[in-house]
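K.L.:
Would you be able to build a 3D model of this:
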Amino acid sequence: MKKIINYTLFLFALISCKYVSAQPFISNETVSILKLSIQFNIVQKTYVPNQSSYFDTHALAMATLQERYDRGFNYVRHELHKVLNLKLLNEENRNYLQSFIEARMSYWKSYSNVNLANSSEVKNCIDNIIDIYKLRPSIINEIELLKSCNNELTRIKYKDPDNYIYSKRYKAIAIVIKQLENCPHDNIKNLSWEKTELEMR
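P.N.:
Presented below is the predicted three-dimensional model:
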């Protein structure tokens, strides 16, 4: 009788393990990448730098040359830091980003010789940094998708912190993230956790 009970418990544990391993989970590393996406502002498919107030002509006219330089330097550094630290999940986009950074790095290093007190010079630097979003629109699509996944994961985690990873919504997001990693970059715009959830049984 005891052997039968032990065997039953073992069988139940084995089935449970199979269920858990089949359950799609989102790794902590992926979650950290999702959280990073919130620092990017995407408006009407165009990248918008955060510190748009830099080009306030009245403020620039009132500022000293050093203040204008410091403001321009911090603005450029901030936007360059975001691109250099951008984390993506799609393999094709990751490779493109790496190639873009390597190709532009020598130019970016020359910013130390640029007159960053001049607003047009600052704009040229920013345009060169964010050029990646014009050259590779799928990166914008990925950032939008990452932000959407992050926002929804945050919401359902707050709503039900103990059970959210077993919800249909969590599973749909996990599936979409897995698809995102290996799909062709021009298919990213078609990915949606909402659509995936509707298609799940």
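K.L.:
Ala133 reaches Glu144, doesn't it?
P.N.:
Not quite, residue 133 is Tyr, not Ala. No - using CB atoms under 8 Å as the test, Tyr133 is too far from Glu144 to be in contact (11.3 Å). Glycine gets a C-beta too; all of them are placed from N, C-alpha and C.
K.L.:
quick one, which of those two is more surrounded?
P.N.:
Set Tyr133 next to Glu144 and count neighbours by other CB atoms under 10 Å: Tyr133 wins out with 19 against 16.
K.L.:
measure that one to Phe100 for me?
P.N.:
From Tyr133 across to Phe100, the span is 10 Å (CB to CB, to the nearest Å).
K.L.:
longest helix in this structure, by residue count?
P.N.:
In the chain, taking DSSP state H as the definition, the longest helix is helix 137-159.
K.L.:
buried residues in that one?
P.N.:
The neighbour-count criterion (16 or more other CB atoms under 10 Å) identifies 138-150, 152-153, 156 as the buried residues of helix 137-159.
K.L.:
repeat for stretch 171-182
P.N.:
By 16+ other CB under 10 Å, the buried positions in stretch 171-182 come out as 171-177, 179-180.
K.L.:
Among those residues, which are located in helices?
P.N.:
Counting by DSSP H, the members of the buried residues of stretch 171-182 that fall within helices are 171-177, 179-180.
K.L.:
Could you list the single helix or strand in the protein with the lowest mean pLDDT?
P.N.:
Least confident helix or strand, the chain: helix 2-22 with a mean of 46, by mean pLDDT, DSSP states H and E.
K.L.:
Next secondary structure after that one?
P.N.:
Beyond helix 2-22 on the C-terminal side, the first helix or strand identified by DSSP states H and E is helix 28-36.
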